[in-house]
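**Student:** no sequence on this one, just coordinates:
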């Protein structure tokens, strides 16, 4: 029996190019699936609601067309009140975004036809997801799941700058925002706990809580991370100035940075982070800047199925 298939499309992904490519994507979908429904998102977080409705209506395969942010929204729709709605529902990913880092950890091909051939095939993989409980801009506590990487500090500020430029409708690349943020960013003094154990407080540049291996447009921030091992790889960059970090950033693209004396790797099931009084430290989840510390991150083992 062919799974009931729902396709969720973010037409604004990849700087609006997905809308222009939709006719070709839809034609390719029809080559692999006889029947499917599709809907376009029109506002933030709508993909979560559409996914939740589709799963409750019996959809077993949710195909997302977009980038990392779109897949994050769709993944959150697999859950309600913190619990997965249907453990048999499966996510299929058609990469179509400016950032598709999550797909690299799954070895999903970047071209539409190859990705759809994989989705139409029998193989699926159960993966862990991360859960973040963090402080929203309103000051209230919110919860959100993430598929790939959550990070706080410098990385969160870069994503905030990207979003600010997007809201102002001023085109600016991730890398340009990275360098402009670097000009003013200062390390933050944080208090950390890993699986309930205190880490000595000190100044940190980046804390990356990784389920997948890659973030920031191809940086192999957690080269040893596995999506199905029941652990989070927590990468800490401590006491390093931003420009020093940028000078060594090529090592992150190669995945050789973990040998640097100011970079530590921990493996844990929970990470708790809080700023010292007077510090504001923003966080991002799968490329979306949503709030700030204090926050708690934890792994939810084998919570979702993904075509891979």
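**Tutor:** Alright, I've got the coordinates. Model, not experiment: these values are computed from the prediction.
**Student:** For stretch 273-282, which outside residues touch it?
**Tutor:** 152-153, 156-157, 160, 188-192, 201, 207, 289, 291-297 (Cβ atoms under 8 Å, 6 or more residues apart in numbering). In this view, the C-beta of every residue, glycine as well, is placed from N, C-alpha and C.
**Student:** Strands of the stretch 1-150 of the chain, start to end?
**Tutor:** 5-9, 37-40, 61-66, 79-80, 83-84, 90-95, 125-135, 141-146, 149-153 (DSSP state E, counting those that start in this stretch).
**Student:** Which pLDDT value goes with the closest residue to residue 5 other than its chain neighbours?
**Tutor:** Excluding the flanking residues, the one nearest residue 5 by Cβ to Cβ, 6 or more residues apart in numbering is residue 36, at 4.1 Å. The per-residue pLDDT reported for residue 36 equals 96.
**Student:** and the angle for the helix or strand where residue 291 lies with strand 141-146?
**Tutor:** Assigning secondary structure by DSSP states H and E places residue 291 in strand 288-306. Orientation of strand 288-306 against strand 141-146 (axes from the mean of the first three to the mean of the last three Cα atoms, to 10 degrees) gives an angle of 50 degrees.
**Student:** between strand 288-306 and strand 125-135, how big is the angle?
**Tutor:** Going by the same axes, to 10 degrees, strand 288-306 makes 150 degrees with strand 125-135.
**Student:** please renumber so the chain begins at 700
**Tutor:** Understood, numbering begins at 700; the last thing we discussed is strand 987-1005.
**Student:** partners of strand 987-1005, with directions?
**Tutor:** strand 789-794 (parallel), strand 824-834 (antiparallel), strand 969-974 (antiparallel), strand 981-984 (antiparallel) (DSSP bridges).
**Student:** Just send the strands of the stretch 700-849 of the chain back as a markdown table, with distance to residue 912 and mean neighbour count too.
**Tutor:** Listed next are the strands of the stretch 700-849 of the chain as a markdown table, based on distance: least, Cβ to Cβ, whole Å; neighbours: other Cβ atoms under 10 Å:
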| stretch | distance to residue 912 | mean neighbour count |
| --- | --- | --- |
| strand 704-708 | 25 | 24 |
| strand 736-739 | 30 | 15 |
| strand 760-765 | 20 | 27 |
| strand 778-779 | 23 | 18 |
| strand 782-783 | 24 | 14 |
| strand 789-794 | 16 | 26 |
| strand 824-834 | 13 | 20 |
| strand 840-845 | 14 | 19 |
| strand 848-852 | 9 | 28 |
